[in-house]
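Novice: Show me the folded form of this:
(one chain, ligands or ions: 1)
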Amino acid sequence: MEPMHIDLNDGNKIPQIGLGVWELDGEACYNSVREAIKTGYRHVDTAKVYGNEDAVGRAIADAIADGEITREDIFVTTKLWNDDQENVEQALDQSLQRLGMDYVDLYLLHWPCPQHGKYVAAWEEMIAAQQSGKARSIGVCNFYRDVLEEIIEKTGHTPSINQIEIHPAFSQPEQREDNAAKGIATEAWSPLGRGTNLSDPRIQKIANNHGVSAAQAIIRWHIQRGDVVIPRSSKPERVRENFQVWDFSLTPDEVTAIEAMDAADGRIGPDPLSFHVGTPKA
Ligand SMILES: NC(=O)c1ccc[n+]([C@@H]2O[C@H](COP(=O)([O-])OP(=O)(O)OC[C@H]3O[C@@H](n4cnc5c(N)ncnc54)[C@H](OP(=O)(O)O)[C@@H]3O)[C@@H](O)[C@H]2O)c1
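Specialist: Numbering: from 1, shown residues only. All right, here's what the predicted structure looks like:
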């Protein structure tokens, strides 16, 4: 089966698998992006706060120079950091400068930071960024029902994507349903639970049924749920392995069995209700 795309509510398409690059610095980031493009990935997920937009941009520029892709072939996401919520235009311009690009495919508002009450104004500026052509699609990360409803109601503009923490131990059934009801695509961050889900015997058993690795079984689960998925690896063999998920399918029972791993204490990242690191001093 060919790698899939997901249709966004603004008419654009996003490749269903991307390479996440959080915590990959400098050469490690450059090497993973180069390996990913050679493997067939056409989507990279970075952010200002990861400090590696320049390495992502360099890897993509070199892949273009080597004739592996054109700029139009690759979907690049970056994100607005919390302390830039009042300076969206300037922050996006600086990200584009570091990436060496004149547009990104997707610009995401990284965290709502509800304590600071700036996210509606920031979303208005994100809409302007899309109208300027510097961001082809716009969306949010870590938004939940109340803040999603507020930005939609106050601006009349629905995000194309909500990128949220999703992995077998934290599968977010309610937020995925809420996103779908609003026409918002769901994108899964930390899709492998940062590696913590890989040794679970329930995952191992499903992986063994198909002769694949635990990571491949989990990535396939995300694909079959219809979410966008952005696994990260610093190791070339794992970058390749994580993309080899198109030639097998989990059974409906296996999908349900992974969903049953959802746990009340399964969250590994910050809670969006309280996280506000890097927000402007009020
Ligand atoms: N929007 C947000 O707020 C937000 C938050 C967190 C993350 N993200 C995005 O989501 C991306 C993915 O999440 P993540 O980086 O937190 O974690 P992840 O992709 O769930 O897991 C990455 C970890 O799994 C290991 N791994 C990867 N492939 C493997 C394989 N085939 N076999 C065994 N181990 C494997 C990696 O180690 P090695 O490097 O050693 O292979 C790394 O330690 C990020 O990179 C970032 O782009 C977004």
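Novice: only C-alpha atoms for contact and neighbour calcs from this point on.
Specialist: Will do.
Novice: Got the phi and psi for the residue nearest to residue 135 when sequence neighbours are not counted?
Specialist: Computed as Cα to Cα, 6 or more residues apart in numbering, the closest residue to residue 135 that is not its neighbour in sequence is residue 104, at 4.9 Å. The phi and psi values for residue 104, taken as degrees, to the nearest 10, are phi -110, psi 160.
Novice: doesn't residue 136 make contact with residue 104?
Specialist: Yes: if you go by Cα atoms under 8 Å, residue 104 and residue 136 touch, sitting 6.4 Å apart.
Novice: Among these two, which residue is more densely surrounded?
Specialist: The residue with more neighbours, out of residue 104 and residue 136, is residue 104; 23 against 18, by other Cα atoms under 10 Å.
Novice: what's near enough to touch the more buried one?
Specialist: Residue 104 is in contact with 75-78, 96, 134-136, counting by Cα atoms under 8 Å, 6 or more residues apart in numbering.
Novice: re earlier: so what's the residue nearest to residue 135 scoring on pLDDT?
Specialist: We have a pLDDT of 98 for residue 104.
Novice: With residue 209 instead?
Specialist: 98.
Novice: Test my guess that residue 133 contacts residue 107.
Specialist: No: contact criterion Cα under 8 Å: residue 133 and residue 107 do not qualify, at 11.2 Å.
Novice: Compare neighbour counts for the two and give me the winner.
Specialist: Looking at residue 133 and residue 107 with other Cα under 10 Å, you find the greater number of neighbours at residue 107, namely 26 against 13.
Novice: Contacts only, for residue 188.
Specialist: So residue 188 contacts 163-167, 222, 227-230 (Cα under 8 Å, 6+ apart).
Novice: For residue 118, see how far away it is.
Specialist: 24 Å (Cα to Cα, to the nearest Å).
Novice: Likewise for residue 230?
Specialist: 27 Å.
Novice: Show me which of the two is the more surrounded one.
Specialist: When residue 230 and residue 118 are compared for neighbours, residue 230 comes out ahead with 25 against 17, by other Cα under 10 Å.
Novice: Would you list the phi and psi of that one?
Specialist: phi -130, psi 70.
Novice: Please apply the same query to residue 141.
Specialist: Torsion angles, degrees, to the nearest 10, at residue 141: phi -120, psi 150.
Novice: hey, what's the closest residue to it other than its chain neighbours bridged with?
Specialist: Leaving out its chain neighbours, the residue that sits closest to residue 141 by Cα to Cα, 6+ apart is residue 163, at 4.3 Å. With DSSP bridges as the criterion, residue 163 is bridged to residue 141, residue 187.
Novice: you'd agree residue 163 is up against residue 189?
Specialist: Yes: if you go by Cα under 8 Å, residue 163 and residue 189 touch, sitting 6.4 Å apart.
Novice: Buried residues of the one helix or strand residue 130 maps to, list them for me.
Specialist: For residue 130, the enclosing helix or strand under DSSP states H and E is helix 119-132. For helix 119-132, a neighbour-count test (16 or more other Cα atoms under 10 Å) marks 119-120, 122-130 as buried.
Novice: With stretch 193-211 instead?
Specialist: Under the neighbour-count rule (16+ other Cα under 10 Å), stretch 193-211 has 193, 197-198, 203-204, 206-207 buried.
Novice: How about stretch 24-43?
Specialist: Neighbour-count burial for stretch 24-43 [16+ other Cα under 10 Å]: 24-25, 28-37, 39-43.
Novice: Appreciated, that's everything.
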